[in-house]
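> sequence and predicted structure are below.
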Amino acid sequence: MHGTSTGDHEDKGLEMDSVYNVVELIGTSDESWEKAATTAVTEASKTLRDLRVAEVVEQDLVIEGGEVAMFRCKIRLSFKHESADG
Amino acid sequence: MAKVASGQVHKVIRVVATSSASWEDAARRGVGEAVKTIHDLSTASVVEADAVVRDGELRYRVKLEMAFQLDRSRHDDRSETSVQVKRYLILANQTLPSPGLRELIEEKVATGHCEFHILVPEGPRSSVYHDMSGTLDPRLNEVDDRDRLVALDEAEERLDSFRASFAHLDAPLTGEVGVGDPMAAVRRVMDRSTFDEIIVSTLPTGISRWLKLDLPARLQRIFRLPVTHLVQDSA
């Protein structure tokens, strides 16, 4: 799941030659996809620093007893890579 | 995220649903529609989510993809084995409460695992045109609309009481009232489900509108499924 990317995440204003980590997370909520995505980001922010962009890559839902039981949101999250030699 | 076990054949259906409230609400509607005919749905993936403007208002639209097992083998918790389930589509309207259909269903249940979906087509009535002059009469149209709403309510009621009377039965029995002519209503159900046999319950020849349309033979020809035709008196 952990990969490094120097792709789309380099905007103007960011320093040159930076590296970002990308992780994928799945958040769930019984209310909405927005809540599901927020849950995933909130959880990730507890352990990861310098979160940049969260991109929704997949949305689905779980059906139980003929009704929507859970909304799921898969997000791709990028954060600044901290190199070992600082 | 939705995973499908290997070695099984699945049918995938796509449902587009809209809502003026949210994508979640639209998704709930789409799922609500799909579960009318399919019991073993567990997940639905969003293929597309967009919004359309209709009459100056934003409407949220989702396209959902759902997969279900085509081979109809189900896991039976009691015996811990896999069983084959036969699915029947039942077409009936006025003859729904008559005893013949009830007997047939009980007979099928006795022979093995079955699932039934009852379709009550409530077709448009063609009295929009004035009988004598053949011109469009708006007053007649109004009356016709009211009649249709009453007819729809009656169809829903018939369906509800029929399903309630089978509550004790050890077989899933779903149902819906389909608007439109019977062929179109069946086609819509077929698009989102699969069946092994169609049961058509009609009034006797001469009275039945469906027999004038040659419905049993046409269903067999178009959907290539065995069709059982049951002639009954209106209860």
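Sure thing, it's come through.

> which residues of chain A fall in helices?
Listed in chain order, the helices found in chain A under DSSP state H are A:33-45.

> ok, and what's touching stretch B:14-21?
Stretch B:14-21 is contacted from outside by B:25-27, B:29-31, B:33-34, B:44, B:47, B:52, B:57-66, B:192, using CB atoms under 8 Å, 6 or more residues apart in numbering or on different chains. All C-beta atoms are positioned from the backbone trio N, CA, C, and that covers glycine.

> redo that, cut-off 10 Å
Residues outside stretch B:14-21 that contact it (CB atoms under 10 Å, 6 or more residues apart in numbering or on different chains) are B:23, B:25-34, B:44-45, B:47-48, B:50-52, B:54, B:57-66, B:191-192.

> residues contacting the closest residue in space to B:F162 that isn't next to it in sequence?
Leaving aside its sequence neighbours, B:F162 sits nearest to B:L96 (CB to CB, 6 or more residues apart in numbering or on different chains; 5.3 Å). By CB under 10 Å, 6+ apart, the residues touching B:L96 are B:90, B:102, B:118, B:120, B:155, B:158-159, B:161-162, B:175, B:201, B:232, B:234-235.

> gap between B:L96 and chain A?
To chain A, B:L96 is 22 Å away according to CB to the nearest CB, to the nearest Å.

> what's that residue sitting at in phi/psi?
phi -50, psi -40 (degrees, to the nearest 10).

> related to what we said a few turns ago, mind checking which of the contacts of stretch B:14-21 are buried?
Using 16 or more other CB atoms under 10 Å in any protein chain shown as the burial test, those include B:23, B:25-31, B:34, B:44-45, B:60-66, B:192 as buried.

> mind listing which of these are in helices?
B:23, B:25-31, B:34.

> now flag whichever of those is closest to B:H10.
Each of these was checked against B:H10 using CB to CB; the closest is B:A34, at 14.0 Å.

> residue contacts, that closest one?
A:63, A:66, B:13-15, B:17, B:41, B:44, B:64, B:66, B:68, B:192-193.

> for chain B, just list every one of the strands.
B:10-19, B:43-54, B:57-69, B:73-76, B:81-84, B:86-91, B:114-122, B:173-179, B:197-202, B:227-231 (DSSP state E).
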